[in-house]
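# got a sequence here, can you model it:
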Amino acid sequence: MKTRLTCPCGTTVTGADEDELVARTQEHLAQEHPGMEYDREQILFIAT
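Numbering: from 1, shown residues only. Model (predicted):
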């Protein structure tokens with residue numbers, strides 16, 4: 001299970017499980033990188 005992702009901007013996003021990681025990553029993108037959207041598969045591909 002992947003629970004951590006480091007954004008190219010340097011922010012580390014974590015979640016208790018993959019669902020939470022995806023939700024938090026999408027929130028980060030919406031707040032910090034408007035216009036950049038990734039789906040679940042893309043997020044989990046770059047997560048660890």
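
# what's near enough to touch the spatially most central residue of the chain?
The structure's the chain has its C-alpha centroid closest to Thr25; by C-alpha atoms, centre = their mean the separation is 2.7 Å. Taking C-beta atoms under 8 Å, 6 or more residues apart in numbering, we find Thr25 in contact with 5, 7, 13, 15, 38, 43, 47. C-beta here means a position set from N, CA and C on the backbone, and glycine is covered the same way.

# longest helix anywhere in the chain?
helix 18-32 (DSSP state H).

# average model confidence for it?
The average pLDDT for helix 18-32 rounds to 98.

# going by distance to Glu32, which of the contacts of Thr25 wins?
Cys7 (7.7 Å; C-beta to C-beta).

# the closest one reaches Val13, doesn't it?
Yes: Cys7 lies in contact with Val13 (C-beta atoms under 8 Å); the separation is 6.5 Å.

# shared neighbours of these two, anything?
25, 28.

# the more surrounded of those two?
Neighbours were counted for Cys7 and for Val13 using other C-beta atoms under 10 Å; Val13 has more, 21 against 15.

# quick one: that one is in a strand?
Yes: counting by DSSP: H, G, I helix; E, B strand; the rest coil, Val13 is part of a strand.

# noted, bye for now.
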